[in-house]
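Visitor: Next comes the sequence, and after it the predicted model I'd like to discuss.
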Amino acid sequence: MRLHDIGKLSTRMFKTNPARTWLTIAGMGIGTGAVVTLVALGFGLQNIILEQIVFGETLLSLSVSSPLTRGVQLNDAAIADFRAMPNVKDVAAMAQFPTLITMKGLTGNAFVQGVDPAYYRYIGASAVAGELHTEKNKNTTTDGVVLTKALLKLFDIADPKDAIGQTVTFRVLVPVEGKDDVQEVPIDRNYRVIGVSNDDAFISAFMQLSELRNYIQITQYEKAQVRVTASEFLAPDTALIIGKGYIVTALSKTVDQANKIFSGIQVVLAVFGSIALAVSAIGMFNTMTVTLLERTKEIGIMRTLGASSQDIKILFLSESVIVGFLGGVMGITFGLIIGGTLNGLVNLAAANFGGKAMTLFSFPITFLLFIAAFSAVVGFLTGVFPAVRASKLSPLDAMRYG
């Protein structure tokens, strides 16, 4: 049987039984749509979490801190030691002190952090308003500070842009060496807010480390970001630093763990969606079986006219693959409509209540292509039994049927 003839015969069902055919496709579409929607939710949640991470240098940085025992100090000697390690490109230190910060006549408790400009890149910080300290502007922003979004809440500033240009002052609380006490050190300089970072969890203000040194003697650092030259050196350098007694965390490990967790979530969601798909597949199998019974005499005529058993098998499998594939396309359409609608409603609610827009349902093109191919495979599998049974029918018995 020619390919052209198989194509015409396998699509004849749209003319002879259009209602039943489209209902079968719709059933497959509902099952496939459930899988698409639920897995898209998993992709969306994964993207929402991971989009907060700035890829690149952030993933090549190791966050180093001293153990709580204070037996090992993170000081200038330690920073120099890290810089001398093999495959280390740069080290950016951060000194942190409690402070009383005053802005707009109000005073609140926060932290002041002295950092090198590269530190922002290595922790994945970005500006939601204004600018951060950089290598280009470090000489012109010695009197500039960067506030976190969380700090703005102390002063009831809703829009980060409103903080740009404001004047702030600091009174830093410095621990007294050898005593369980702190000394208040006023910094005799007015600072201007040049930027607001995307950190909405930690109440702090950043100034350049060199500027903080002008007023406070820094003997040790709170944290250091060690930037390695390539990802393959993350593990060996981590082991070296841990061997020196420091605590090391790497964002790359967090990302890997998060991806594994979300992969598991996607599998669980896919299993729930597959239940609806299995029910649809059973309905499709039942339809193909009924079609076989209705067309038994037709099969006998085709065999009498010279069609082989293999031709009959290919004909039934072609029908089931077409129905399965179209069901997958319809399911993808259902999923896109449902996901797009819910994304729109979530973003509308976020806009009305001052939240951040997000994509709750995400549809990677590779995933959609896989679903279309998988639906065709499901259609093929549901058609195997009816196709084999049809190919084994005796032409004479088939002619007598009905």
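Guide: Sure thing, it's come through.

Visitor: what stretches of the chain score poorly on pLDDT?
Guide: Scanning the chain for pLDDT under 70 picks out the ranges 1-7, 9-10, 12, 49-56, 69-70, 178, 251-259, 292-293, 354-356, 395-402.

Visitor: What segments of the stretch 201-350 of the chain are helices?
Guide: 209-213, 234-243, 251-294, 296-304, 309-352 (DSSP state H, counting those that start in this stretch).

Visitor: Could you dump those into CSV and include distance to Ala373 and mean neighbour count?
Guide: Placement of C-beta: from N, CA and C, glycine included. Below are those laid out as CSV (distance: least, CB to CB, whole Å; neighbours: other CB atoms under 10 Å):
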stretch, distance to Ala373, mean neighbour count
helix 209-213, 55, 17
helix 234-243, 36, 16
helix 251-294, 14, 16
helix 296-304, 29, 17
helix 309-352, 8, 19
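
Visitor: Same list, those helices, but as JSON lines with distance to Leu368 please.
Guide: Shown next, in JSON lines, are these (distance: least, CB to CB, whole Å):
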{"stretch": "helix 209-213", "distance to Leu368": "49"}
{"stretch": "helix 234-243", "distance to Leu368": "34"}
{"stretch": "helix 251-294", "distance to Leu368": "14"}
{"stretch": "helix 296-304", "distance to Leu368": "36"}
{"stretch": "helix 309-352", "distance to Leu368": "5"}
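
Visitor: Would you mind saying which of those helices lies nearest Glu184?
Guide: Closest to Glu184 of these, according to CB to CB: helix 209-213, at 15.4 Å.

Visitor: Quick one: list the elements packing against the closest one.
Guide: Judged by 3 or more CB pairs under 8 Å, 6 or more residues apart in numbering; DSSP states H and E, helix 209-213 is in contact with strand 88-103, strand 106-115.

Visitor: Give me the buried positions along the last one.
Guide: The neighbour-count check on strand 106-115 (16 or more other CB atoms under 10 Å) flags Ala110, Phe111, Val112, Gln113, Gly114, Val115 as buried.

Visitor: Report the spatially nearest residue to Gly29, omitting neighbours in sequence.
Guide: Met330 (3.1 Å; CB to CB, 6 or more residues apart in numbering).

Visitor: Which residues are in contact with the one you found?
Guide: Ile25, Ala26, Met28, Gly29, Thr32, Gly33 (CB atoms under 8 Å, 6 or more residues apart in numbering).

Visitor: now Glu184
Guide: The contact partners of Glu184, by CB under 8 Å, 6+ apart, come to Leu100, Arg171, Val172, Leu173, Val174.

Visitor: Just list whatever residues bridge to it.
Guide: Leu173 (DSSP bridges).

Visitor: State the distance from it to Asp156.
Guide: 25 Å (CB to CB, to the nearest Å).

Visitor: how far away is Asn75 from Ala95?
Guide: 10 Å.

Visitor: With Phe233 instead?
Guide: Phe233 is 26 Å from Ala95, by CB to CB.

Visitor: What is the burial count for Gly165?
Guide: 10 (other CB atoms under 10 Å).

Visitor: Having no further points to raise, I will conclude here.
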